[in-house]
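*Asks:* Here is a sequence together with a model predicted from it:
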Amino acid sequence: MTKASSGGGITRHVAFRALGKSVVINMVAPSLLYRLAAPDFAPNSLLPLAISGLPAIIWLVYGVLKLRAVDFLALFAAENVAVNMIALVFSHNEKQALIGRSMQNVVLAAIFLGSLAFGKPLVFHMARQFATGNDPKLRSSFDEAAARPDAMKTYRVLTWIWAAALLIKAAGAFYLACEFNTKDYLVLSPLWDLISDSILVTSSILYGRANLRDRAATAAA
């Protein structure tokens, strides 16, 4: 087995493990907890919905305290938890709470758009973390390559794309919150996130690689 094929196998293994973990934490565990807790509370109680959010909160705390993984993924998770809690506090029933939770990606879209006001938009920082693992030496070389105006333009375009995609994701989540009951929403919403995120990340990688490769070739010529 060559190093490349071995590395590809390891990468796929890590990706599938992360995907499986995400499905358990964000889809299976919340749905199961809600179904177990709901019969023990009044029909209009929001506590079963709050309990269903515990897996994501526990995993976030574990990542910060045990894994020391304070990165943009943790920040996004913290934003989701914050929106969920605010939705529960200001809601009078589960339907209102679900609609409030569907606004998570609206807040994220605003964060992406706000980052465009700075020299390095949010997608740049995301790409740097994935490419370098936040290793100081690798980050230095990455920053040097990304400092070109043409490269930074690609990251800015991708930031616009992510902001637009997040608003589409929010619209889909809002529809699910309005049309489905809580049990179905806790399954369908993470599934919608999984599918839409897969499309968004894959298309972003393809677009970024193609544009950065073409721009680098042009600069070299």
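*Replies:* Looks like it arrived, so ask away. Residues are numbered from 1 along each chain as shown.

*Asks:* quick one: low-confidence parts of the protein?
*Replies:* 1-23, 26-27, 44, 63-64, 66-75, 77-78, 133-136, 213-221 (pLDDT under 70).

*Asks:* Could I get the full set of helices for it?
*Replies:* 3-23, 29-37, 47-52, 54-65, 72-89, 94-101, 104-115, 122-132, 136-146, 149-179, 182-220 (DSSP state H).

*Asks:* how about a markdown table for those, with mean neighbour count added?
*Replies:* Glycine gets a C-beta too; all of them are placed from N, C-alpha and C. Shown next, in a markdown table, are the helices of the chain (neighbours: other Cβ atoms under 10 Å):
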| stretch | mean neighbour count |
| --- | --- |
| helix 3-23 | 11 |
| helix 29-37 | 18 |
| helix 47-52 | 20 |
| helix 54-65 | 15 |
| helix 72-89 | 16 |
| helix 94-101 | 19 |
| helix 104-115 | 19 |
| helix 122-132 | 18 |
| helix 136-146 | 12 |
| helix 149-179 | 17 |
| helix 182-220 | 15 |
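
*Asks:* Ile57 contacts Val81, doesn't it?
*Replies:* Yes: taking contacts as Cβ atoms under 8 Å, Ile57 lies within contact range of Val81: 5.6 Å.

*Asks:* what do the two both touch?
*Replies:* Both Ile57 and Val81 lack any common contact, where contact means Cβ atoms under 8 Å, 6 or more residues apart in numbering.

*Asks:* Kindly tell me how buried the residue lying closest to Phe174 once chain neighbours are set aside is, as a neighbour count.
*Replies:* Take Phe174 and drop its neighbours on the chain: the residue closest to it by Cβ to Cβ, 6 or more residues apart in numbering is Ser102, 4.4 Å away. By the criterion of other Cβ atoms under 10 Å, Ser102 has 23 neighbours.
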